[in-house]
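Participant: Structure of the sequence below:
(2 chains)
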Amino acid sequence: MVKVKLRDDIREFENGTTAADVAKALGMGLYKAACAAKIDGKLCDLRTPIENDCALEILTFDNVEGKKAFWHTSSHVLAQAVKRLFPKAKFAIGPAVDNGFYYDFDVEKPFSPEDLEKITAEMKKIVKEGFELERFLLPPDEAVKLLEEMDEPYKVELCREHSDKGEPISFYRQGEFTDLCAGPHLMSVAPIKAIKLTACTGAYWRGDSKNAQLCRVYGVSFPKAAQLEEHLKALEEAKMRDHNKIGRELEYFTTVDYVGQGLPVLLPKGARVVQLLQRWVEDVEQAHGCQLTKTPLLAKRELYKISGHWDHYLDGMFVLGDPDDESKECFALRPMTCPFQYQVYLNRQRSYRELPMRLTETSTLFRNEASGEMHGLIRVRQFTISEGHYVIRPDQLEEEFRGCLELAKYFLETVGLLEDCTFRFSQWDPANPNNKYEGTAEQWDHAQGAMKRILDNIGLDYEVGIDEAAFYGPKLDIQYKNVFGKEDTLVTIQIDMLLAEKFGMYYIDSDNSKKLPYIIHRTSLGCYERTLAYMLEHFAGALPLWLAPEQVRVMPLSENLSEAAQDIEAKLASAGLRVSSDLRSEKIGYKIREAQLEKVPYMLVIGNKELEEGTVSVRSRKNANLGTMSLDDFIAMAKEEIETKAK
RNA sequence: GCUGGAAUAACUCAGUUGGUAGAGUACCUCACUCGUAAUGAGGAAGUCGAGGGUUCAAGUCCCUUUUCCAGCUCCA
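Facilitator: Predicted coordinates for the structure are as follows:
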């Protein structure tokens, strides 16, 4: 007998009892809902026999790992359906992901939307057939042999790698379908009641664009139809917050065919928000001891050669002239600010007393991104960032790094984005096949070791990103997800122990010796276009009052109150508020509806009553009629909200 | 760059087997002078993304191209 510690008590079972049997003993409801199990904290299959005393947890669809087992089994059902309908398809991988599952297939022609419908129907049929999943193990050589017989070249490749370890290889079988797989999986395909195949896209084998491109089918599934409906509804609602949709509808930006890809045109509202953000950031940075610079937007090829960007990123630069003709001048628009700002430091010889030198610039950059990369305001070819380079003595590294992080967190918190940010410690990969990184292993160990110590001292919760570093040093990247769940970098703080030497950036230390400084490359609010995009998504277009392009709209009830309205508008404007009047001969309900849809924070309704009383009737966009108050009281209230940067 | 989807009035979208281009909203004009999310009537508005081709005839079929969307890859 073995003692099994469950959530509420400890029970005894026959040695060799499976996790599924335990679930059944606890109740058929739990057994039916069970997706996977955890034995002593280790995720495993429900089929796993229990041979020692242990703690057991039964995972259902409500649990993240249980859900993934459910979706992973769904991906096997997808593969089985594809095999039935397209027998020639070769199989790559089919895992569960955060919001469903996918499977990669090598097929002659990618699936059409009609194909996906047929596949969905076949999947539903398979679920009805209700196959049990059966797990079996084979020694590595037999596993390879089986996969070769099945004529699955991608699986053979995967299996060969695993077989180096000499451990038995695990397979799952359901009906006529067998797949190489580590699991865990459901006991049967029957619980997969609601299925939706959401997309069919291209994906490279092993994530490498040099490899063959496969056909990836994405899907999502649930135990109940209602859950699927709810999920699809939530996706629709997320799309309603998509900055690419509301940013255009609310006239923050637009794109124009003949201007070009990745070159959004900021309309007055978007331009105003960016201006407000920039002024604020520049002022706060100044208060933090930063010195503002203003450097050229382009430079000769020679500058980029010193920095290394010419060798590493020529393809990503907009070059003016023939890059290969050394006999003629050749310029390039700047893709970063580093070597420009270094010239400020290099203007004369520097003393250790001058460090840290915190240089910042509201810097417009140009990057010739590949044509398929552009996305709304998030990924563009011309953008403006609050870029800083701190030239520091080595002993100042930790304090300055902390300062950069605190500053970035302050900015992100104030604009409402910090709570959804995650932190990534981006490190180099010595095995990077493209020879991306400069410097020696010792230098990298030194820089990464320093960053790790600092991050651990701060107690920051971060994940590690291997092969995500800059070519000159490790980064702390602050990441943010858009409404579709796609993650991008919002802010980055980088430690660079390499570039100072390339540019001959020395300082004279207290002992009169010439020394190389460290450099921190950092953004404080990142790219303004991207920040605006995320704010539009976060606030669903209703930016906080202090950033709202139009803060107040005055609405007279009838045309004969136009003058009074304009009078109020003038008073609000002179109080520093961004205000307009709606003087059209429309009903008040109509004007309000329009202002609500445009997310105008405050609407002031002016009628004869208010005119007589000398008041205004205040309505906020949060659908609240705040009643009447004096204009001065309203101005005081609005100013308070603006000054505190209330969200 | 790759895979798939899309582009028709300012916007959101219909448009059948190829046969004279449609609706709602917005816009303009007029009437109404209005109390917290849509007043009524009338009017104007489209080289059907662009360029080729097939055809007596192309929004519709074929090719090329641009832009937009989702994903992959990339992101100094």
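Participant: tell me which element the closest residue to A:Met150 other than its chain neighbours falls in.
Facilitator: Spatial nearest neighbour of A:Met150, chain neighbours left out: A:Thr178 (7.3 Å); criterion: CB to CB, 6 or more residues apart in numbering. Backbone N, C-alpha and C define where each C-beta goes, glycine included. In the assignment (DSSP states H and E), A:Thr178 maps to strand A:177-180.
Participant: partners of that strand in the sheet?
Facilitator: Here strand A:177-180 is paired, per DSSP bridges, with strand A:169-174 (antiparallel).
Participant: who's in contact with the strand holding A:Thr178?
Facilitator: Strand A:177-180 has contacts (CB atoms under 8 Å, 6 or more residues apart in numbering) with A:76, A:79-80, A:83, A:91, A:94, A:143, A:146-147, A:150, A:152, A:155, A:158-159, A:169-173.
Participant: Which ones among these lie within strands?
Facilitator: Under the assignment DSSP state E, the contacts of strand A:177-180 contribute A:91, A:169-173 to strands.
Participant: could you redo these as TSV and give each row distance to RNA strand B and pLDDT?
Facilitator: Shown next, in TSV, are the ones in strands among the contacts of strand A:177-180 (distance: CB to the nearest atom of the strand, whole Å; pLDDT from 0 to 100):
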residue	distance to RNA strand B	pLDDT
A:Phe91	17	94
A:Ile169	25	89
A:Ser170	25	91
A:Phe171	26	92
A:Tyr172	25	93
A:Arg173	29	92
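Participant: Now that we have these, can you turn them into a markdown table and tack on neighbour count and distance to A:Ser585?
Facilitator: Putting the ones in strands among the contacts of strand A:177-180 into a markdown table (neighbours: other CB atoms under 10 Å; distance: CB to CB, whole Å) gives the following:
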| residue | neighbour count | distance to A:Ser585 |
| --- | --- | --- |
| A:Phe91 | 21 | 67 |
| A:Ile169 | 23 | 78 |
| A:Ser170 | 16 | 75 |
| A:Phe171 | 21 | 76 |
| A:Tyr172 | 22 | 71 |
| A:Arg173 | 16 | 75 |
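Participant: Give me the neighbour count for the residue in the stretch 351-500 of chain A positioned nearest to RNA strand B.
Facilitator: Residue nearest to RNA strand B within the stretch 351-500 of chain A (CB to the nearest atom of the strand): A:Gly372, separated by 2.2 Å. By other CB atoms under 10 Å, 8 other residues sit near A:Gly372.
Participant: what's the spacing between the strand or helix carrying A:Arg522 and its chain's center?
Facilitator: Using DSSP H and E, A:Arg522 maps to strand A:518-527. Centroid displacement of strand A:518-527 relative to its chain, using CA atoms, centre = their mean, to the nearest Å, is 18 Å.
Participant: now the angle from the following helix or strand past it to strand A:518-527?
Facilitator: The helix or strand immediately downstream of strand A:518-527 is helix A:528-538, counting by DSSP H and E. Here helix A:528-538 points in a direction 50 degrees away from that of strand A:518-527 (axes from the mean of the first three to the mean of the last three CA atoms, to 10 degrees).
Participant: how about A:Leu43, secondary structure?
Facilitator: Classification of A:Leu43 by DSSP: H, G, I helix; E, B strand; the rest coil places it in strand.
Participant: which residue packs closest to it, ignoring adjacent ones?
Facilitator: A:Leu43 sits nearest to A:Glu65 (CB to CB, 6+ apart), 5.6 Å away.
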